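> After the sequence you'll find the predicted model.
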Amino acid sequence: MSDKRDTPSFMSRHFPDATPLQQNKQATEQSKTRPFVRKSATEKSELDLVPLRLPGNSTIEAGDVLSYQGNGIQNRLMRQLKQGKIQFENVLDLHGQTIEQAHQSMMQFIHQCQQHGQYCILIIHGQGYRSVGGVPVLKQSVDYWLQQHDSVLAFHSATPADGGKGAVYILLRKGSG
């Protein structure tokens, strides 16, 4: 019987230059009733568990569905997520933000949602139809960042009622909030 640590992970096989994320064990003390507050761009954040790196050679196009099912996520739960049957508890709209702003907003949002015990969230990234050259840079980046984030268990493009292929439902690991 081989040790699970001896087999290369999905990430190391498909992204050989990726480095493992460090766990941020310092949880900020916050009231569960406080709303999401975006930090200023000048504030240095320790929440950047996923470095600001853009996906290389991504083939995601504006009309594509984003989907990721992490290890241990049951097919039944993933099917419910795809169908929009899991009620999302918080929303972040990234429209109009630069890549850097979107990265910072998303990392802080995920951290705060997890601290508040929110299990399913929605991030609106847009489809990228108006992007320069027709390349949906923000959509590609959100897909990449979510797959790299240790707190993200699964995600799937939203139903048309919640933003369709311009938004994504995300299941988060239970936080310590």
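Perfect, thanks for sending it.
> Output the below-cut-off pLDDT ranges for the protein.
Across the chain, the ranges flagged by pLDDT under 70 are 1-58, 175-177.
> now with 80?
Applying pLDDT under 80 to the predicted model, the residue ranges of the chain that meet it are 1-59, 129-134, 175-177.
> what's the longest helix in it?
Using DSSP state H, we find that the single longest helix of the chain is helix 99-115.
> Show me what that helix is packed against.
Packed against helix 99-115 by the contact rule (3 or more C-beta pairs under 8 Å, 6 or more residues apart in numbering; DSSP states H and E) you find strand 91-93, strand 120-124, helix 137-148, strand 167-172. Where C-beta positions appear, they are placed from N, C-alpha and C, glycine not excepted.
> Next secondary structure after the longest one?
Under the assignment DSSP states H and E, the closest C-terminal helix or strand after helix 137-148 is strand 152-157.
> Show me which residues of that following strand are buried.
Buried positions in strand 152-157, judged by neighbour count with 16 or more other C-beta atoms under 10 Å: V152, L153, A154, F155, H156, S157.
> that older thread, most tightly packed of the helices and strands packed on helix 99-115?
The densest packing among the helices and strands packed on helix 99-115, expressed as mean neighbour count by mean count of other C-beta atoms under 10 Å, is seen in strand 167-172 with a mean of 25.
> tilt between that strand and strand 120-124?
Regarding strand 167-172 and strand 120-124, their directions subtend 150 degrees when assessed with axes from the mean of the first three to the mean of the last three C-alpha atoms, to 10 degrees.
> Check the burial of Q104 by counting its neighbours.
Neighbour count for Q104, taken as other C-beta atoms under 10 Å: 21.
> Of all the helices and strands packed on helix 99-115, which one is nearest G72?
Taking C-beta to C-beta as the criterion, strand 167-172 is the member of the helices and strands packed on helix 99-115 that comes nearest to G72, at 11.1 Å.
> Just the CA atoms of the closest one, as PDB, please.
As requested, the backbone C-alpha atoms of strand 167-172 are provided in PDB (Å, rounded to 0.1, in the frame of the first residue of the first chain):
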ATOM      1  CA  ALA A 167     -20.900  34.600 -12.000                       C
ATOM      2  CA  VAL A 168     -19.800  31.600 -10.000                       C
ATOM      3  CA  TYR A 169     -21.200  29.700  -7.000                       C
ATOM      4  CA  ILE A 170     -18.500  28.700  -4.500                       C
ATOM      5  CA  LEU A 171     -18.600  26.200  -1.700                       C
ATOM      6  CA  LEU A 172     -16.200  27.100   1.100                       C
END
